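Colleague: Sharing a model that was predicted from the sequence below.
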Amino acid sequence: MDEVRLDSLDGVGPVTTKKLNDAGIHNIMDLLVRGPVDIAEITGMEFDTAAKLVTKARESLTESGQLQKEFVSATEIYKRRQDIGKISTNTNALDMLFDGGIETQAVTEVYGEFGSGKTQFCHTMCVNVQKPKEEGGLDGGVLYIDTENTFRPERIVSIAKAKGLDPAKALDRIIVAKAYNSSHQELIMQEAGTVIEENKIKLIVVDSAVGLFRAEYLGRGTLSIRQQRLNKFMHLLTRTAETYNVAAIATNQVMSSPDTFFGDPTRPIGGNVVAHSSTYRVYFKKSGKKRIARMVDSPHHPEQEVIFILTEAGVSDPEEETKKKKKDESEE
Ligand SMILES: Nc1ncnc2c1ncn2[C@@H]1O[C@H](COP(=O)(O)OP(=O)(O)OP(=O)(O)O)[C@@H](O)[C@H]1O
Ligand SMILES: [Mg+2]
């Protein structure tokens, strides 16, 4: 894609290009995602120079129609929203909750206690996104940022088989990045642009978005730094999803807060930071063998609850199990 090359910008020669490349910025979109403060910091450039560069990047993308202008009519925003793709969950229950599926240009946060199915949901969506559009997918690849070492290719194989996709191909289209600490997690996100373009990525999974930050910043004294850094990470994720028109899922654990007497005694660990930067928030809860999903925060979905289950095929409708049992019984 020549139109997003750094040296297609006025005044950007080989020296600046190299400086930017060394700092992990490989195209015009990256300039926009990182912003002038970050660029000045990592390249040692003057802030004004970095700011001018970002302005040029924005102008160039606006001209080529890849980005919307600062002042736009609601009609134009409406049009841009028409570009939003949806990835079906392949279940009636969760598709009803998400009104068809999870959206591109947005971050969907899934939070819930251990074993509630967050990681299983992520794995399922890794397969669903690869399906053709007619079948609810986006015919796209996945960038999976694994911070808890819980990505399992075996699960992808079983889910793909259950959905009639070639397991080998399904695995090939998932790029896994293991994050070893929170700075590494940030770095992976900063460098994601090239990977997204080269692999036609349509879904970014961050499982979990919060875990490493939480482990590294323990105690009250460090809470505000943790929130600041987490805030920065979530914004980067949001900007990336918007700029590249991809969907993003960020998972988040909950901790019990004994001081709550009413309502659910759990709240997401990322607290308000994650809440404010994600577009959709869904709460997963265990209920015996079943799982409950509730849409908590959404600009345009009604708040409602649905029931799903976890099976060999990933997240599924409760009816699927009944159907399967009946089929097994009749075959006996
Ligand atoms: N192959 C499978 N078939 C059916 N159910 C499965 C399968 N694999 C996992 N599960 C279910 O998924 C549950 C684990 O869910 P998952 O790992 O998604 O939880 P999580 O919300 O990510 O938890 P954590 O906060 O610990 O990361 C298991 O308890 C089991 O019920
Ligand atoms: Mg998990």
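Modeller: Nice, thanks for sending it over. Ligands and ions are numbered 1, 2, ... in the order given.

Colleague: which SSE is the residue of the stretch 51-200 of the chain found nearest ligand 2 in?
Modeller: Here the residue of the stretch 51-200 of the chain nearest ligand 2 is residue 119; by CB to the ion that distance is 3.2 Å. All C-beta spots, glycine's among them, are computed from the backbone N, C-alpha and C. Per DSSP states H and E: residue 119 is located in helix 118-128.

Colleague: Can you pull up the most central residue in this protein?
Modeller: In the chain, the residue lying closest to the centroid (CA atoms, centre = their mean) is residue 248, at 1.8 Å.

Colleague: what residues are up against it?
Modeller: By CB atoms under 8 Å, 6 or more residues apart in numbering, residue 248 lies in contact with 106, 107, 108, 203, 204, 205, 206, 237, 238, 240, 241.

Colleague: could you give the angle of the helix or strand following the helix holding residue 119 to helix 118-128?
Modeller: Per DSSP H and E, helix 118-128 leads on to strand 141-146 as the next helix or strand towards the C-terminus. Angle, strand 141-146 to helix 118-128, by axes from the mean of the first three to the mean of the last three CA atoms, to 10 degrees: 160 degrees.

Colleague: for the stretch 51-200 of the chain, what spans make up the helices?
Modeller: For the stretch 51-200 of the chain, applying DSSP state H, counting those that start in this stretch gives helices covering 74-82, 92-98, 118-128, 153-162, 167-172, 182-190, 192-198.

Colleague: which of those helices is buried the deepest?
Modeller: Ranked by mean neighbour count, the helices of the stretch 51-200 of the chain are led by helix 118-128 with a mean of 26 (mean count of other CB atoms under 10 Å).

Colleague: Spell out which parts of the stretch 51-200 of the chain neighbour ligand 1.
Modeller: Contact residues (CB under 6 Å from any ligand atom) of the stretch 51-200 of the chain with ligand 1: 112, 114, 115, 116, 117, 118, 119, 120, 150.

Colleague: okay but residue 305 is in contact with residue 293, surely?
Modeller: Yes. Assessed by CB atoms under 8 Å, residue 305 is found in contact with residue 293 at 6.9 Å.

Colleague: quick revisit: dump the residues of the stretch 51-200 of the chain next to ligand 1 into TSV; add pLDDT as well.
Modeller: TSV is the format used below for those (pLDDT from 0 to 100):
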residue	pLDDT
112	92
114	91
115	94
116	95
117	97
118	97
119	98
120	98
150	97
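
Colleague: and of those residues, the nearest to residue 232?
Modeller: Set against residue 232, the nearest of these by CB to CB is residue 118 (22.5 Å).

Colleague: Quick one: residues contacting whichever residue of the stretch 201-332 of the chain sits closest to ligand 1.
Modeller: In the stretch 201-332 of the chain, the residue that lies nearest ligand 1 is residue 310 (4.0 Å; CB to the nearest ligand atom). Applying CB under 8 Å, 6+ apart to residue 310 gives the contacts 117, 120, 291, 316.

Colleague: and residue 305 and residue 293? which has more neighbours close in?
Modeller: A side-by-side neighbour count of residue 305 and residue 293, using other CB atoms under 10 Å, places residue 293 first with 27 against 12.

Colleague: what helix or strand is the more buried one on?
Modeller: Taking DSSP H and E as the definition, residue 293 sits inside strand 290-297.

Colleague: Same check on residue 251?
Modeller: Counting by DSSP H and E, residue 251 is found in strand 247-256.

Colleague: anything in that strand near ligand 1?
Modeller: Yes. Strand 247-256 comes into contact with ligand 1 (CB under 6 Å from any ligand atom), by way of residue 253.

Colleague: Could I get the buried residue list for that strand?
Modeller: Of all the residues in strand 247-256, those buried under the rule 16 or more other CB atoms under 10 Å are 247, 248, 249, 250, 251, 252, 253, 254.

Colleague: okay, the angle between it and helix 182-190?
Modeller: Interaxial angle, strand 247-256 versus helix 182-190 (the same axes, to 10 degrees): 160 degrees.
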